[in-house]
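> the sequence isn't on hand, but the structure is:
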């Protein structure tokens, strides 16, 4: 199990719950962006499980300008300096194809760290075309919902992608995986890895809150989400029972 950890605290909870790896990120409501240097550094110091930071300079699409690309390169260099176990990224061209040129540059820069190609894959114009390109780049795995809003809705495509990959690359289902659907998804797809945030809402301990102001675009910006070790354990039990 890979846990999408939105903070160092979530990453620690993931490890305590039995996760094998964390995709460390920030800003989960935007699909995840690159965490701070401090989050990555402390995660590597305090965790025994694998740490894969996401390399994504902003939310939105996966078409990056030159400045954003430079940021991605620098973040990968920092991850290498911190001896991360791998990194997660993905870049597309304007036509929805995988940007082979820029991804190859990042792959070379990341080496010998392995690379997961993230859900930019699901935004590509043709999943099977993208699959072959990503295999050619030398990525270790692809995180995907099968091009659907959730892995459960994309389960048949996930099954097809795993078959098409034919052990040349790992296909890791993710997005919307929970206790209710994990068993079915594993059973249908035959996936050997899966990805979930396993998060729960945490209420703020503030005794005073100014309800007239907000710090973001969300309904509540004083509460937050945190990975729950009990939920991680439950998902692992259900997945391993197949």
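Structure's in. What do you need? Here the structure is a predicted model, which means the values were calculated and not measured. Numbers count the residues shown, from 1 in each chain.

> neighbours of the spatially closest residue to residue 58 that is not a sequence neighbour, how many?
Nearest residue to residue 58, sequence neighbours excluded (C-beta to C-beta, 6 or more residues apart in numbering): residue 33, at 6.2 Å. In this view, the C-beta of every residue, glycine as well, is placed from N, C-alpha and C. Residue 33 is flanked by 16 other residues according to other C-beta atoms under 10 Å.

> do residue 202 as well
12.

> so what sits opposite it in the bridge?
Using DSSP bridges, the beta-bridge partners of residue 202 come out as residue 224.

> list the contacts of it.
223, 224, 225, 226 (C-beta atoms under 8 Å, 6 or more residues apart in numbering).

> now render those residues as JSON lines, adding neighbour count, distance to residue 90 and pLDDT.
Shown next, in JSON lines, are the contacts of residue 202 (neighbours: other C-beta atoms under 10 Å; distance: C-beta to C-beta, whole Å; pLDDT from 0 to 100):
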{"residue": "223", "neighbour count": "12", "distance to residue 90": "30", "pLDDT": "82"}
{"residue": "224", "neighbour count": "17", "distance to residue 90": "26", "pLDDT": "89"}
{"residue": "225", "neighbour count": "15", "distance to residue 90": "23", "pLDDT": "92"}
{"residue": "226", "neighbour count": "18", "distance to residue 90": "26", "pLDDT": "95"}
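
> low pLDDT regions in the chain?
Scanning the chain for pLDDT under 70 picks out 216-221.

> the helices in it, which residues?
Under the criterion DSSP state H, the chain contains helices at 8-17, 37-46, 66-81, 100-110, 127-137, 155-165, 182-189, 229-240.

> sorry, back to before: and of the contacts of residue 202, the nearest to residue 56?
Lowest distance from residue 56 to these (C-beta to C-beta) belongs to residue 225, with 18.2 Å.

> could you export the contacts of residue 202 as TSV, including distance to residue 112?
Listed next are the contacts of residue 202 as TSV, based on distance: C-beta to C-beta, whole Å:
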residue	distance to residue 112
223	40
224	35
225	33
226	32
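
> before we move on, back to that, go through the helices of the chain and name the closest to residue 205.
Between the helices of the chain, helix 8-17 lies closest to residue 205; by C-beta to C-beta that is 14.1 Å.
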